[in-house]
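>>> here is the input, now give the coordinates:
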Amino acid sequence: MAVSLIKDNPLAYSGRSLLEIAMESSANLSERTFQLGRELDETRRELDAATFVAELFHEAGRQLALDLEMADLTIELLRESLDETRRLRDERERVLRDEVAYYKNLADAR
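The predicted model follows:
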């Protein structure tokens with residue numbers, strides 16, 4: 001690595017020994033490695049947080065799906081109840097019409 005540094009920028013390293021250049025390169029490499037380690041730790045924490053949020057959204061989605069299914073069942077029951085109520089109303093109206101006709105016939109017969 002020291003050779004490539006000297007080759008890329010020879011004036012910056014003129015008059016210095018290879019040992020000095022290698023020690024500086026090693027220090028720079030250590031600092032960069034430390035920075036990358038911190039960035040990796042931060043990325044892992046952010047990934048853990050994002051994973052936690054994704055799991056929360058997934059669970060909320062599952063709960064909403066269950067709620068939607070329950071709402072669909074409730075709507076179906078209400079529709080069946082409404083149909084039954086309409087059937088009973090129609091039957092009651094028919095019975096009342098029949099009774100009115102019966103009493104009207106009785107009244108006309110007198």
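
>>> when you work out contacts or count neighbours from here on, use the C-alpha atoms and nothing else.
OK.

>>> looking at the chain, which helix or strand does the model trust least?
Ranked by mean pLDDT, DSSP states H and E, the helix or strand of the chain with the weakest confidence is helix 2-8, at a mean of 56.

>>> who are the packing partners of the helix or strand that that one is followed by?
Downstream of helix 2-8, the next assigned helix or strand under DSSP states H and E is helix 18-109. Contacting helix 18-109 under the criterion 3 or more C-alpha pairs under 8 Å, 6 or more residues apart in numbering; DSSP states H and E are the following elements: helix 2-8.

>>> would you mind writing the CA trace of stretch 21-41 as CSV?
Output of stretch 21-41 as CSV, limited to C-alpha atoms (Å, rounded to 0.1, in the frame of the first residue of the first chain):
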residue,chain,number,x,y,z
ILE,A,21,4.9,6.0,5.2
ALA,A,22,3.8,2.5,6.2
MET,A,23,3.0,3.6,9.8
GLU,A,24,1.0,6.6,8.5
SER,A,25,-0.9,4.3,6.1
SER,A,26,-1.5,1.8,8.9
ALA,A,27,-2.9,4.5,11.1
ASN,A,28,-5.1,5.8,8.3
LEU,A,29,-6.3,2.3,7.6
SER,A,30,-7.0,1.7,11.3
GLU,A,31,-9.0,5.0,11.5
ARG,A,32,-11.0,4.1,8.4
THR,A,33,-11.6,0.6,9.7
PHE,A,34,-12.9,2.0,13.0
GLN,A,35,-15.2,4.5,11.1
LEU,A,36,-16.5,1.6,8.9
GLY,A,37,-17.2,-0.4,12.1
ARG,A,38,-19.2,2.5,13.6
GLU,A,39,-21.1,2.9,10.3
LEU,A,40,-21.8,-0.8,10.2
ASP,A,41,-23.1,-0.8,13.8
